[in-house]
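1. Please find the sequence and the predicted model below.
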Amino acid sequence: MQNHIKLPKLGFVRIILHRDIPAGWRMKHATVKETASGKFFISLTFDVEMEPIGMKKEFEKVEAFDYSMPSLVVSASGGNDISKDTICWYRNLEEGIAKEQGKLSRMQYGSANYWEQKHRIGKLHEKAGNRRKDFLHKLSHDVARDFDAVIVEDINLQHMSQSLNFGKAVYDNGYGQLRNMLTYKLNDRGKILVKVDRFFPSSKRCSVCHEVNHDLELSDREWTCQSCGTHHDRDKNSCKNLLDEGKDILNRWASGDSSLILAPSGVLSGKKLHPQAHSNVRQGGE
Ligand SMILES: [Zn+2]
């Protein structure tokens with residue numbers, strides 16, 4: 001039956017299908033979810049055999065995304081930054097949510113108005129989430145199409161938001177969401193996502209002479225290298241380091257370095273198992 005799905009206990013339920021299901025796909029299971037605004041979504045999981053795509057081994061165009069607090073996400077090319085300006089519509093929605101939340105706090109808990117307001121806020125949250133997702137889908141699609149490989153930081157955003165108390169901003173910028181989307185969109189095209197070890201000192205290293213500036217504070221937006229005198233913009237320098245390190249990992253992998261493993265998901269990780277071994281390699285390589 002078209003545009004219906006048969007669910008246990010409920011029988012046939014009318015649905016809107018967001019994507020056509022190609023012939024030969026075998027359904028594994030379905031998950032039903034209700035959103036805050038009262039809509040129901042069903043995610044379907046299929047089992048399907050795909051033709052293997054040959055992995056790309058030449059990397060002419062490489063992009064890097066660095067996580068940065070005030071400007072959210074910085075790109076090595078400069079053309080794919082996520083700044084407060086590029087997502088101002090999201091900020092506007094957020095302000096709207098804060099306003100409605102204030103109204104809710106003045107309502108009597110459990111009253112009809114209260115639940116109506118709660119529903120309105122749920123809808124706004126959903127709208128903000130959808131807009132962010134649309135934005136990130138478009139960005140990741142274009143980047144996966146235009147570049148041969150992408151470098152990201154292997155940072156644990158959840159851990160970071162807890163330890164630095166940046167909670168809200170970290171989740172808002174969607175760096176993690178962008179990384180996930182890039183991973184599968186690159187993999188679909190036989191391209192690679194490189195994760196650079198979280199212990200790599202991308203911010204503190206001078207991208208020109210590789211001297212590490214241990215005195216660099218989180219609040220320092222610009223700094224001058226004591227060793228070579230280069231004046232750096234914190235984010236641009238960090239992104240340049242990330243790009244160089246990622247390219248190095250790609251080249252080593254392409255020339256057969258057996259310590260680098262490409263996961264079936266198309267993620268190439270430069271992570272070493274022992275931090276000590278890692279620091280030795282780092283010194284030897286510089
Ligand atoms: Zn320097």
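-> Sure, I can see it.

2. For residue 10, grab the count of nearby residues.
-> 9 (other C-beta atoms under 10 Å). (Each C-beta comes from the backbone N, C-alpha and C, glycine too.)

3. just residue 18 next, same as before
-> 6.

4. cool, residue 249 as well?
-> 23.

5. which SSE is the nearest residue to residue 118 once chain neighbours are set aside in?
-> Closest residue to residue 118 apart from its sequence neighbours, by C-beta to C-beta, 6 or more residues apart in numbering: residue 104 at 6.5 Å. Secondary structure from DSSP states H and E places residue 104 in helix 88-105.

6. Which neighbouring elements make contact with that helix?
-> helix 112-146 (3 or more C-beta pairs under 8 Å, 6 or more residues apart in numbering; DSSP states H and E).

7. Now the helix it packs on: buried residues?
-> Buried residues in helix 112-146, defined by neighbour count with 16 or more other C-beta atoms under 10 Å: 117-118, 121, 123-125, 128-129, 132, 135-136, 139-140, 143-144.

8. Quick check: mean pLDDT of that helix?
-> The average pLDDT within helix 112-146 is 91.

9. now swap in stretch 88-106 and tell me
-> pLDDT averaged over stretch 88-106 gives 88.

10. could you list every residue that touches the residue nearest to residue 118?
-> 114, 117-118, 121 (C-beta atoms under 8 Å, 6 or more residues apart in numbering).

11. run the last query once more with 10 Å
-> Counting by C-beta atoms under 10 Å, 6 or more residues apart in numbering, residue 104 touches 113-114, 116-118, 120-121.

12. and what of residue 76?
-> Residue 76 neighbours (C-beta under 10 Å, 6+ apart): 62-66, 147, 150-151, 236, 238-244, 246-247.

13. Tell me how far the residue nearest to residue 118 lies from residue 122.
-> 11 Å (C-beta to C-beta, to the nearest Å).

14. Kindly report the same for residue 259.
-> Distance of residue 259 to residue 122, computed by C-beta to C-beta: 48 Å.

15. what's the answer for residue 136, then?
-> Distance from residue 136 to residue 122, by C-beta to C-beta: 21 Å.

16. Count the neighbours of residue 233 for me.
-> Other residues close to residue 233 by other C-beta under 10 Å number 13.

17. Equivalent analysis for residue 186, please.
-> 25.

18. give me the low-pLDDT residue ranges for the stretch 151-286 of the chain?
-> Across the stretch 151-286 of the chain, the ranges flagged by pLDDT under 70 are 157-173, 271-286.

19. Count the neighbours of the residue lying closest to residue 209 once chain neighbours are set aside for me.
-> Of all residues not flanking residue 209 in the chain, residue 228 sits nearest, at 4.0 Å (C-beta to C-beta, 6+ apart). If you count neighbours by other C-beta under 10 Å, residue 228 ends up with 11.

20. One more: residue 268?
-> Neighbour number of residue 268 under other C-beta under 10 Å is 23.

21. Quick one: residues contacting it.
-> Per C-beta under 10 Å, 6+ apart, neighbours of residue 268: 55, 149, 151, 192-196, 246, 249-250, 252-254, 260-262.

22. ChimeraX command to pick out the buried ones of these?
-> Only the buried entries of those go into this ChimeraX selection, using 16+ other C-beta under 10 Å:
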select :149,151,192,193,194,195,196,246,249,250,252,253,254,260
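
23. In strands, which of the contacts of residue 268 appear?
-> 149, 151, 192-196, 261-262 (DSSP state E).
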